[in-house]
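> Output the structure for:
(4 chains, ligands or ions: 4)
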Amino acid sequence: MANLNLVQAINLALIQEMEKNPDIVLLGEDIGVNGGVFRVTEGLQKRFGEKRVFDTPLAESGIIGLSIGLAMGGLHPVPEIQFEGFLGPAYDQICSHAARMRSRTRGAFTVPMTIRIPVGGGIHAPELHSDSPEAIYAHTPGLKVVMPSSPYDAKGLLVAALRDPDPVLYFEPKRIYRAFREEVPEDEYTLPIGKARTVCEGTDLTIVSWGASVIQCMQAIEKSDKSIELIDLRTIYPFDMDAVAESVKKTGRCVVVHEAPLTCGFGSEIAARIMEKCFLELEAPVQRVAGFDTTMPYYKLELDYLPDANRVTRAIEDCLAY
Amino acid sequence: MANLNLVQAINLALIQEMEKNPDIVLLGEDIGVNGGVFRVTEGLQKRFGEKRVFDTPLAESGIIGLSIGLAMGGLHPVPEIQFEGFLGPAYDQICSHAARMRSRTRGAFTVPMTIRIPVGGGIHAPELHSDSPEAIYAHTPGLKVVMPSSPYDAKGLLVAALRDPDPVLYFEPKRIYRAFREEVPEDEYTLPIGKARTVCEGTDLTIVSWGASVIQCMQAIEKSDKSIELIDLRTIYPFDMDAVAESVKKTGRCVVVHEAPLTCGFGSEIAARIMEKCFLELEAPVQRVAGFDTTMPYYKLELDYLPDANRVTRAIEDCLAY
Amino acid sequence: MPITTAYEAKIERISILDEKGNFDEKLGKGLIPDTDLVKLYEAMVSCRQLDQVAFRLQRSGRMGTYPQNMGQEATSLGASYVLRKDDWMVTCYRENCGLFWRGVPKEAILLHWMGDERGNAMPKPHWVTPIYVPLGTQMLHAAGLTMAARYKGEDKIACTFFGDGASSEGDFHEACNFASNLKIPVVFVCQNNFWAISTPSKINSAAPTFAQRGLSYGMPCLQCDGNDLFATVYTMKKSVEYTRSTGLPCFVEMVTYRLGDHTTADDASRYRDKAEVDAWKNRDPITRIRDYMTARKLWDDAKEAALLTKVEEENAAAVARAEGIDAPHRSDFFDSMYAETPQDLVVQRETMHTHSLGQDPSQLPPEAQERARQMAAEAAAAHANH
Amino acid sequence: MPITTAYEAKIERISILDEKGNFDEKLGKGLIPDTDLVKLYEAMVSCRQLDQVAFRLQRSGRMGTYPQNMGQEATSLGASYVLRKDDWMVTCYRENCGLFWRGVPKEAILLHWMGDERGNAMPKPHWVTPIYVPLGTQMLHAAGLTMAARYKGEDKIACTFFGDGASSEGDFHEACNFASNLKIPVVFVCQNNFWAISTPSKINSAAPTFAQRGLSYGMPCLQCDGNDLFATVYTMKKSVEYTRSTGLPCFVEMVTYRLGDHTTADDASRYRDKAEVDAWKNRDPITRIRDYMTARKLWDDAKEAALLTKVEEENAAAVARAEGIDAPHRSDFFDSMYAETPQDLVVQRETMHTHSLGQDPSQLPPEAQERARQMAAEAAAAHANH
Ligand SMILES: Cc1ncc(C[n+]2csc(CCOP(=O)(O)OP(=O)(O)O)c2C)c(N)n1
Ligand SMILES: Cc1ncc(C[n+]2csc(CCOP(=O)(O)OP(=O)(O)O)c2C)c(N)n1
Ligand SMILES: [Mg+2]
Ligand SMILES: [Mg+2]
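Ligands and ions are numbered 1, 2, ... in the order given. Below you'll find the predicted structure:
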């Protein structure tokens, strides 16, 4: 058991799985000697050699396209995309190829691959370094989409991803890379992809969130005198609708919180499903606390854009007042 | 007034606007001599010359990136992407650049551009020729997304797009390119981007749809003995929530129909908004009739994947039975 | 010396058996044993005949859009002949002749164009990837497949094919650049057939050759007459030898011509001159070999007639196999999405004929559930008749 | 002739004032008038000093991540000096020196890195585009801007800058290919500073030069010593002349070196040797010109001292202007999304401090509406203090 931050937990998971599985290779921009711009892969090239941990040319489509080939060829590549804003050039390889390879070949070729991507705002980064594109990939059948909100979860989910036979987008909320530490077992464990975690239980209202926003939700809950249940989805696709529905059937009210823009954000899917599954139990419309439908602003205004505890609190109040 | 199909209506709109506005230029793969693989730009190169209507190298990111520059430089480019499946390579230029240029430069540079894209299934096409990615772009602030469902609408909406100061994705449902004709005025008219059309009025239930699916909805309505209101969104973003909410407040029940996969499809946004706006009036959960959360199959099974009148009918029944 | 030379390059062009029948003994002698030549010829004829069969299938509504290979048989065949059978061959959609030479069943290709994914479930032992419709994307997979093989200690190389048009895609650049800089042994073959649908190759490259695309990455580059099987074989031998021995990529342009329409959905007469097509008909890769073999008494009219009968039968049998396969079951597309189908997808599959997607059937009153079951039964019956 | 030559190419390298002070009279004489040389020198010194100022701002929390230009001043400056002021200059993020030469206000660049979009609202008359963070994407815009200008009958050209790393992106390939085949007059300048963050340039190209990237498109290509202002000016003159007169693109590699960290978020000592950096310090473009001017009596210590005082004042004033601007209002990011803000966005803007997004405030009971107003007031007060 060690007290680790998110970066260290991921690093540990990579080391342990790479030791077990010689087919895991890491590739990306600056992940080798430099250990990645966030130091997530620090020390790994030294430890596993340049054949298993290597820098690539600066081209995201290339990184994913090459990884698809590696995966089709029997390895489990772990490409890093340096920031979520640079998923754009790789969109086609991810959505038209990685996501479809198993289905278009009826299983003859598969793409076991874990794409690691720092995601989200709040670190005063330059443009296109603070976005939250998870809904785009949740809308693309054939992918799995994971986003941890703590070091413990990060390790367990990453190990699961590294053993998954299908392509997983593993989003790392950079805002909490080093925000806090927690006990992370040295011992092997996995957290199943597709299962949510109930962070705290409550009876008045359910909050559903994922990634760094979970922290803002916890702050809002702390300040509130209501009994609030918080569900951390952990996996965006396939998502644990059973856990959400069960909770909302109990509380009758729900707030969904995420950083991505409101319209067609993953919150809309959660809201739509809650209506479908809990119609008769719902006492108020599901409230969404999300990024606005604007481009993520440069950092002077990023805190005005991102959901914070205040906005979550307002939504709780609005929802309960309904 | 002429009796035109969708292809002809678009062709006419292009001709008329190009005659008025010398800054409109058309570019894309095979749009010149060949008139496009669907013949939408037939005759335009002959009419307007190679300077205004030109073939490009085979590279979608290049087509959109060049168009962004053309637009920043004061023209109104109309790039064609040959099939929606090939938007993938252009995703980054559309979402990281076209969509953000005005906001990241606080208006110093703008991108008035109309991207024409054949979209959707039902024509027995090869792989990646039958998808419906509209939700992806609706989730990207800075873009407008339009999808006509008839020749009349096609002309009016395209003229509006060609006069819009911001980037518009103009999706052309290829399934109805030549499926039927209707009266299309020669005279100038526009249909405002952001306004829905009430196709038929009713009191028992509201159907919201767009693009080729509108036709399936009309078939289902014809077969039904219920009083059903059909709203054709026409514009996916910004969408006419007022029209939808007003209708659902009246009927209390709603079915949304689209070809794209269910999860995070635009139907989820419509459903979530209806819950927000019409919570007290809703008598049943909003039903979604959509593509399944699978890759669009090759054409042997495409009719089993696509929403059809039968599935719409089932949803109507389910919703009314609730 | 203020002006110095930073870089110099030269690209050679290979031609052995030209369209007039001239044969270069120095390069060509012993290159292809006579017995092989006959087999290669037969393979080209068979591929050409399948084109015609496919065309008719499409016209009679038994197949969707189909891209003919006519005129380009010698390009992929030359490569396939030279490659080891366990090298990867990562192609686009106009390389049937090379694929069939490796043993890819014809019905697999037919099924793909009949709109059936099962045509892509290529048995791995052929070391080929399925047809790629999105252009330019497969070269990166070729690089990855080869790197994976090397990682596992296999000495495979890959050969990847793409068109003049596809070489304009950004992924083309990234694939060549990755292969060169990460030292991945891939032979990149640009099949320049002068057209990308209606777009002439000069719009895809204003440079004098497509071969020079490889100079960007410092790769050895060769150009050859792609309608000359001897030249494609010679060029591939050189290239494969280089790539296998150095572990480094190289670049080949095969100059050929698409004699047919782009696909069955295209009408090439809209955009290109008959004269141009006719000129290229005189450079047909098949007649060239036939004339050469006839002159060398390896071939005669009787053999030709027998061959035609044989390939017609073979191809008809392939069509019968492709058409004879059971229709995929209606929910087939759910089953290969993930190794393990997520619960939500299972529900979608199970209720696809009974309920709307968002519906939790248990929420419905019993009469409605019953009606849903009836509708499903009716729909299934209707489907059985369609 | 079975083996013929399909293509030949040669790329020259230009160097005029080398690191040892050797000056090539033949190429260099009269190339830059002395009065201009002094001004160009001053511009480089000023840019270098701003780097230091920016570094300190970042370290003291007054600015976000900042990429220093140190060591590369002669590249963009040489280009900027040669271009017409109404040619487009479409750069990445390490071309401050060239931008300032055109008159781009320093506070615009500072504001960008201070996380404020208003720094990008570059007044059009400078014919520059804002800083581009996503690599490789701007070259296509350069091509489009130029094509639009030509369409309107203007004889502008564009010059676009990108790094050795960025030249690996697919969009780079597409931009060069479009410019070449569609005949768009763009000078493509690859600024090879040997590193892309921690990635050495050989991982981005194993070829002997980056200049040869242009051969793929049949463009004329030149390489030059990018730390030699005379060489960059000479090379740009040749290139601009070619491009303006033919309307066709050409390609330049400027070989330079990033003396600083990649950005203030980087620590280059993790991945590169001090010895390498030291060697390049001896090739500094600024000292090279100062020594040359000193030798020619154009410059002396007194002038240097006066210059340093002047640039310190100027740069401090620029910082003051950047920091003096009013904070953007908190909903500023709503206002430039569309020419006309959609109604739904207007609602989001107006309720951003009072309600959750999905909430239609009129649905709430009066007490709740009142509480919302109170919370908004509190939040505004908190914001005013932060
Ligand atoms: C990414 C992508 N863009 C566009 C298309 C549509 N398309 C299919 S074939 C073709 C032309 C291909 O030309 P080329 O690469 O020269 O191959 P050829 O058909 O001549 O063999 C086009 C534009 C596609 N399949 N993929
Ligand atoms: C598309 C994209 N991918 C990744 C990054 C992250 N990144 C920023 S700078 C950089 C290295 C750039 O190297 P180069 O092009 O040589 O320019 P230099 O910094 O050396 O001037 C990287 C990888 C980015 N900004 N854009
Ligand atoms: Mg071609
Ligand atoms: Mg660099």
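> ok so A:T203 is a helix residue?
No: A:T203 sits outside any helix when classified using DSSP: H, G, I helix; E, B strand; the rest coil, being coil.
> Give me the phi and psi angles of it.
phi -130, psi -10 (degrees, to the nearest 10).
> how close does it sit to chain B?
For A:T203, the distance to chain B equals 21 Å [CB to the nearest CB, to the nearest Å]. C-betas here are computed from N, CA, C, even on glycine.
> can you check A:G28 too?
From A:G28 to chain B the distance is 17 Å (CB to the nearest CB).
> ok, now which ones touch that residue?
Shown in contact with A:G28 (CB atoms under 8 Å, 6 or more residues apart in numbering or on different chains): A:G36, A:T41, A:D55, A:T56, A:I63, A:P79, A:E80, A:I81, A:Q82, A:R116.
> Kindly list the main-chain dihedrals of it?
Backbone dihedrals for A:G28, given as degrees, to the nearest 10, come out at phi 160, psi -180.
> all strands for the stretch 151-300 of chain A, in order.
A:168-173, A:182-184, A:197-200, A:205-209, A:228-232, A:235-237, A:254-261, A:287-291 (DSSP state E, counting those that start in this stretch).
> Please name whichever of those is nearest to chain B.
Counting by CB to the nearest CB, chain B lies closest to strand A:254-261 out of the strands of the stretch 151-300 of chain A; the figure is 5.6 Å.
> how about the residues of the stretch 201-350 of chain C near chain B?
Taking CB under 8 Å from any CB of the partner chain, the part of the stretch 201-350 of chain C that reaches chain B is made up of C:203-205, C:265-266, C:270-271, C:327-328, C:330-334, C:337, C:344-345, C:348-349.
> count of residues packed around the closest residue to chain B within the stretch 101-250 of chain A?
Closest contact between the stretch 101-250 of chain A and chain B, by CB to the nearest CB, is at A:H139 (3.8 Å). When counting by other CB atoms under 10 Å in any protein chain shown, one arrives at 27 neighbours for A:H139.
> Distance-wise, check it relative to B:P133.
8 Å (CB to CB, to the nearest Å).
> so who does the one residue in the stretch 201-350 of chain C that gets nearest to ligand 2 touch?
At 16.1 Å from ligand 2, C:S216 is the closest residue in the stretch 201-350 of chain C, using CB to the nearest ligand atom. Contacts for C:S216 (CB under 8 Å, 6+ apart) come out as C:H173, C:C176, C:N177, D:A207, D:Q212, D:R213, D:G214, D:L215, D:S216.
> Distance of it relative to D:S168?
Applying CB to CB, the value for C:S216 to D:S168 is 11 Å.
> Can you work out which residues contact both of these two?
Contacts common to C:S216 and D:S168, judged by CB under 8 Å, 6+ apart, are C:H173, C:N177.
> hmm, back to that, which one among the contacts of C:S216 gets closest to ligand 1?
The nearest one, if we look at the contacts of C:S216 relative to ligand 1 and count by CB to the nearest ligand atom, is C:H173, at 13.9 Å.
> so the closest one touches D:A175, yeah?
No: contact status for C:H173 versus D:A175: not in contact, 10.5 Å apart, counting by CB atoms under 8 Å.
> Once you drop chain neighbours, what's closest to C:T4?
Leaving out its chain neighbours, the residue that sits closest to C:T4 by CB to CB, 6 or more residues apart in numbering or on different chains is D:R13, at 4.8 Å.
> mind checking which helix or strand the one you found is in?
Taking DSSP states H and E as the criterion, D:R13 maps to strand D:3-14.
> and that strand, what does it pack onto?
Applying 3 or more CB pairs under 8 Å, 6 or more residues apart in numbering or on different chains; DSSP states H and E, we find strand D:3-14 packed against strand C:3-14, strand D:221-225, helix D:229-246.
> thinking again about what came up before, who's in contact with the residue nearest to C:T4?
By CB under 8 Å, 6+ apart, the neighbours of D:R13 are C:I3, C:T4, C:T5, C:A6, D:A211, D:L222, D:Q223, D:C224, D:D225.
> Name the nearest of the residues you listed relative to A:S247.
For these, the closest approach to A:S247 (CB to CB) belongs to D:A211, at 62.1 Å.
> if I pick the closest one, what's in contact with it?
C:A6, C:Y7, D:I11, D:R13, D:C190, D:C221, D:L222, D:Q223, D:F251, D:V252, D:E253.
> Highest neighbour count among those?
Counting neighbours by other CB under 10 Å, D:V252 comes out on top of these with 31 neighbours.
> what's near enough to touch the closest residue to that one other than its chain neighbours?
Distance criterion CB to CB, 6+ apart; nearest residue to D:V252, sequence neighbours excluded, is D:V189 at 4.8 Å. With contacts defined as CB under 8 Å, 6+ apart, D:V189 is in contact with D:T75, D:A79, D:C159, D:T160, D:F161, D:F162, D:V252, D:E253, D:M254.
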